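Novice: Only the shape, not the letters, is given here:
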């Protein structure tokens, strides 16, 4: 297995709902006019609370300074796991589940806080830049560490900072944050970048204007319904997460659908905003899923974390997590 | 490709068909304008060719890539990769064909939708189709589909999850289970099958190039690189692969896959297509975005594999296929027509274009010229027309070759005859060789007289002779046969008469009679010249007589009589009508000698510019005239002026003035610059020039060039003759012995041993290799007395004469050197193969290898004669 340390220096920011109009110019530029910026990594996730933006330094310049914009103080680096050998076993678990044991748990054991971003194409594990030596040390035993420099992968040498690292003791990780499962079902999808202009207005509507009347009416009908939408444009690849109703607004054949047409349900983690310093949250969720061999997406936002699991598995997931939760108490 | 930019694909088997694909597929047939003219709607592609639209297929939207079925049948089957990752088989303009029909519309659907970037048919098993897809977090990016497989629900996938659109499932046209899945959680940008093996697939992945071996899918060979787009194998060299990234092309050698063997110069704009020429080895065409040129890289002569230390030779150039400079969207090489391609512009305008091969050109050693263009070879030879004028206009190399064959320059006894050997039609050469002839004569005379004390003076030419002139006497003579006193002063001195001799006016000895010269001129029919010479010698009567004779001779010019009449009216009266008329009427005269005769008669004493500067009069006549009538101050000035004129013009007549001195070399230099005739220059300068002149680098250069020319013409015998000639005239040029035969036992040179005992009087003749064959047989080393090796054929020890040579002894060897005998001497020499070290008498070996290719020693299979490449060359001079 290879662990690629990507070259993007990332900022994680939150835009308050009421302040979104100040930022729309920059966000539209980042999302739809990628040729006009040098930004290579952009992600926007809308939750009922706020908009979470993950963007590289070039893209960050497009955003205005504002009281509505709060930025996590650290600079983050994205890690990406690539299965080196072309192993043909198709029954392998996918997504966060696949890397739960190999990446997420060891990082949690070393008290390294991670920020997850799953996309249609892959999973990004964001770590603080200052934690990188520790990350490399932690993962060097399991992975071939490669650093991307100018688009070319080169071997990254662990800087040999072994001193002072204590072997952590493996403790069971109880789930300590409250969980909730909204009623709506989600699609993780993508589209051909060439067709992006044709659906740009629709996407803008979904991103910035759908929080209005229609949404409040819907939430009135169903209290378990959650407003959640994620768009990312990373190294030219588009990834979308939206609920099933929203997908119906798109023309046929624009969104990529899997042959199995799978749908996902969400597990929302956290009652109070989680902050950035607490570690082990992803591990708490992903380890039970890995044990149960359930594929999952995981999207961290500024305030809460979101895991997506196949709809047919939601009950067993909830069950498994609840068990863990109660075991913790 | 989707949207605006059309791409183009040639049919792999039907050389007149291609497909343009943008939002739809259009099949065209290409034909010559003539045959296509009848039909309406043909599009001209070039001056000769036009395309006819045969069919359009717009069944497959969201096309991302297209690949043409590689087998002959079904002919127009195409695989189309779509934006959602599905691969659809479709066809164009085809009569319903059972096999094809079954495949048509068949879809291959990946588990997770994402763009299909590339498609590649397996060249061996045409049922295999590899598709390269974008990244998905849970899926593979390289899928190999079997197009013959039926729809089979994937057992591993839960049935209830498959939500295919209705109609797909029941037709059996949708395949979801690939034969192989490779590259998990990665993206595939480009693919090609390796010709080495059916199961090897080269893929440009997200950040590396990977070779997948389907025999063991868990293994892959890969190299991290950015250059992952457009991987393509050189059809002529299966280990060579090109790929690109943005503006840079990387060339890989699969045997040294760690890094590119070379990267081509980076282009400012990103590349869009890179393709090897299928009809020409090592030619790579590249296209960048929004460009109107196709860049070609010729690595035909780049060594393979390219070593680390060698700088590969790649010739880069650009071609502009569209005459109107329009931007090229894509191009495709024609599969079989040499260097031909069709390019398509964004507005679908197409151009048929043939890349003109670089022309390489080579001159033959004779006048032939060869050039190669593509697979054609052209020869251009000089027209062998034998017309007189053509003879003169021939190239100097042809002339030199002809002259060399005639033995030009080798007549050292009758030096003047060399101009006849040169063809006898060049007045400058004639003058040159006569001059050299006279110079040689007088050298010999002087040598006899004075033991060579004045030799250098003679060869210095008239310029130096008259400079040292002293004791000039002046006299005024009467016109011969008349008692009238002339007021013309004539000058005499020893040097002046020497100069006249060199000019050929007077013979050797103390006599100053021009009569023999006049007789010669009369014989040659040079009436005007003879008359002028007679006149200059103040013999007006003889001049008139000559003119009369000329008029009455065969083909004589009757006008000469008129001239004689005019001449006879000569009067020295200053203001006579005759003088006045002659001085004006002489000017239109066409014959220069007649003109100068009247100029002489009408000019003031001492002012003979009309004669001296009449350039069509031979230099030697003018010089002789000057030596008679110019005083000691005028003469050197005139000679200097004329010398400089000659030097500047490179006129060989000027050798008379300069002699074979440094001045002469200067003159010869401008002659060679003008004509390229190194042959004449070499021979001339070898003729008795003083040592330092022959050592002049220019002279040595002419000589070496001439020898090289003879070698290039394979005139090896002529070359040898020239070397002999040269060593006679310039003993310092004789090369030292460079090859010695040493004894196998004591290691001493056998010839060295001979020369070490000079008093025993044994030269090479002992070994029967030089001089006349002798009875003495020396078959052992003179140093250690061990026997010399035996001839493989006659089994005699070397050194034994080959017998059967008529023992004529040493009587008058020079005359008796017949060809046979010369050969016989060589036959005795020993020779051996440097490879197998077998050998024998040269004569025996020659006759053996006339009929055999292998070594005469039994059990030795060495092909000695074939190893000797120069031995197979035949000299082109027969002597």
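Specialist: It's in. Bear in mind the structure is a predicted one, so any value in this text is a computation, not a measurement.

Novice: ok, residues contacting stretch A:228-236?
Specialist: Outside stretch A:228-236, the residues that touch it by Cβ atoms under 8 Å, 6 or more residues apart in numbering or on different chains are A:30-31, A:34, A:40-48, A:54, A:117, A:119, A:121, A:124, A:182, A:184, A:186, A:193, A:203, A:206-207, A:210, A:238-243, A:246, A:266, A:299, A:306. C-beta coordinates here come from the backbone N, C-alpha and C atoms, glycine included.

Novice: Count the neighbours of whatever residue of the stretch 551-700 of chain B ends up closest to chain A for me.
Specialist: Using Cβ to the nearest Cβ, the point where the stretch 551-700 of chain B gets nearest to chain A is residue B:697, with a distance of 57.6 Å. When counting by other Cβ atoms under 10 Å in any protein chain shown, one arrives at 8 neighbours for residue B:697.

Novice: Show the subsequent helix or strand relative to the worst-scoring helix or strand of chain A on mean pLDDT.
Specialist: Across the helices and strands of chain A, the lowest-confidence element by mean pLDDT, DSSP states H and E is helix A:213-221, at a mean of 45. Downstream of helix A:213-221, the first helix or strand assigned by DSSP states H and E is strand A:229-234.

Novice: strands paired with that following strand, and their directions?
Specialist: Applying DSSP bridges, strand A:229-234 is found paired with strand A:41-46 (antiparallel), strand A:237-243 (antiparallel).

Novice: hmm, back to that, PyMOL command to pick out the buried ones of the contacts of stretch A:228-236?
Specialist: To isolate the buried subset of those in PyMOL, counting by 16 or more other Cβ atoms under 10 Å in any protein chain shown, use the following:
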select buried, chain A and resi 30+31+34+40+41+42+43+44+45+46+47+48+54+117+119+121+124+182+184+186+203+206+207+210+238+239+240+241+242+243+246+266+299+306
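
Novice: how about residue B:412, secondary structure?
Specialist: Assigned by DSSP: H, G, I helix; E, B strand; the rest coil, the conformation of residue B:412 is coil.

Novice: ok, now which ones touch it?
Specialist: By Cβ under 8 Å, 6+ apart, the contact list for residue B:412 reads B:687, B:725, B:729.

Novice: Reformat the residues you listed as TSV; add secondary structure.
Specialist: Formatted as TSV, the contacts of residue B:412 follow (three-state DSSP):
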residue	secondary structure
B:687	coil
B:725	helix
B:729	helix
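
Novice: Compare those residues and tell me which is most surrounded.
Specialist: Using other Cβ under 10 Å as the neighbour definition, these reach their maximum at residue B:687, which records 22 neighbours.

Novice: quick revisit: just name the closest of the contacts of residue B:412 to residue B:49, please.
Specialist: Nearest to residue B:49 out of the contacts of residue B:412 is residue B:725 (Cβ to Cβ; 62.5 Å).

Novice: could the strands paired with strand A:229-234 be laid out in CSV, adding mean pLDDT?
Specialist: Supplementary listing: the strands paired with strand A:229-234 in CSV, determined by pLDDT from 0 to 100:
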stretch, mean pLDDT
strand A:41-46, 93
strand A:237-243, 90
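
Novice: Mind checking what secondary structure whichever residue of the stretch 251-400 of chain B sits closest to chain A has?
Specialist: Nearest to chain A, among the residues of the stretch 251-400 of chain B, is residue B:259, at 11.4 Å (Cβ to the nearest Cβ). Remark: residue B:259 carries the secondary structure label coil [criterion: three-state DSSP].

Novice: number of nearby residues for residue B:290?
Specialist: Other residues lying near residue B:290 total 11 when counted by other Cβ under 10 Å.

Novice: Need the nearest residue in space to it, chain neighbours excluded.
Specialist: Residue nearest to residue B:290 in three dimensions, not counting chain neighbours: residue B:327, with 5.5 Å by Cβ to Cβ, 6 or more residues apart in numbering or on different chains.

Novice: The one you found contacts residue B:291, doesn't it?
Specialist: Yes: judged on Cβ atoms under 8 Å, residue B:327 makes contact with residue B:291 at a distance of 6.7 Å.

Novice: Show me what the longest strand seen in chain A pairs with in its sheet, parallel or antiparallel.
Specialist: Ranked by residue count, the top strand of chain A under DSSP state E comes out as strand A:2-16. Sheet partners assigned to strand A:2-16 using DSSP bridges are listed as strand A:50-56 (antiparallel), strand A:69-71 (antiparallel), strand A:76-82 (antiparallel), strand A:144-149 (parallel).
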